[in-house]
Structures are given as C-alpha cells and as structure tokens.
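1. Make a model of this:
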Amino acid sequence: MTTRGITVGSWLIPESEIEERFDTSGGPGGQHANKNETAVTLRVEIAASSLPDEIKERLGRRLGSHVEVTAADTRSQWRNREIARERLTERIERALIQPKPRKKTKPSPQSKERRLAEKKSRSAIKKGRRPPEAD
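-> This next block holds a predicted model:
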C-alpha cells in the first residue's frame, strides 16, 4: 500500500482521486462492530481520473462511470483499507486485460455425421415409445 495513491500497471491513481468512506461493518462483532466505523469503501470516478484517455475509455466500457469496492473483512479499519486498496487495484487491472478475439470454427464433416446419426437414433427411440396408430 502506498500513501501516494494506487499503482495500476504503469499508471498512478493519486490519493486525491480516490474517495474513501468509512461505515460500521454490521454483522457479528457486538458493540465494536456497531460503534466503530471499520468498513471501508473506495470509489474512483473514471472520467475524472488522471489516467490516459484510451485507458479511461477501456475502463468505462468494462466498469461503467466509476469503480467502487468495499472491505469489511476484519475488525481493523487500517487492515480493511489495505484490503480495499488491493481489491480496487485488482478490479481495475482485470478490466484492463484485453479479451482474446474469438476464432470462428466449423464442425467437421465427421462431427456433422455423428450428430445426425444420434438424432436419427433418438428419433427411433422416441417413435418406439408412441402408442400404435389406430386405423
């Protein structure tokens, strides 16, 4: 974790562009969970960030107008901040991965033949289940 911001690939999202919110975590934990604001929510507005335009465009297509993560895993606000930063970095990095283009494929003549043979055999099985036709 850095105090300067979050590093994603070779880019830095400065601390000033990360909105940090604290809340009570809820769930088990009794008085500590109900009184202390240990849950952390981080939010980054993609369009307003200092990332390059092509990166903003790609993130916008994959994630929408903003990225938001929440961490309420531990009783420690400090540890939840670390976890939230890791999740934010991971989510942005995953969104930046270019999916491989799909290669179109055609069924082979043998697979077409097998499929048709299977359909004929299924048809025969089902035909055998029918009651005999009355003339």
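2. Any buried residues in the one helix or strand Val69 maps to, and which?
-> Val69 is located in strand 66-71, with elements delineated by DSSP states H and E. Neighbour counts over strand 66-71 (16 or more other Cβ atoms under 10 Å) mark Val67, Glu68, Val69, Thr70, Ala71 as buried. Quick note: C-beta positions are derived from backbone N, CA and C, even for glycine.
3. could I get those residues as CSV with pLDDT and distance to Arg43?
-> Formatted as CSV, the buried residues of strand 66-71 follow (pLDDT from 0 to 100; distance: Cβ to Cβ, whole Å):
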residue, pLDDT, distance to Arg43
Val67, 88, 7
Glu68, 92, 4
Val69, 93, 8
Thr70, 92, 10
Ala71, 92, 13
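4. ok, which pair from the residues you listed is furthest apart?
-> Checking these against each other with Cβ to Cβ, the farthest-apart pair comes out as Val67 and Ala71, at 13.8 Å.
5. which residues touch the nearest residue to Glu17 once chain neighbours are set aside?
-> The spatially closest residue to Glu17, leaving aside those adjacent along the chain, is Ser49, at 5.2 Å (Cβ to Cβ, 6 or more residues apart in numbering). For Ser49, the contact set (Cβ atoms under 8 Å, 6 or more residues apart in numbering) comprises Ile13, Glu17, Lys56.
6. and which of these is nearest to Arg43?
-> Each of the contacts of Ser49 was checked against Arg43 using Cβ to Cβ; the closest is Glu17, at 9.8 Å.
7. That's all I had, so thanks and see you.
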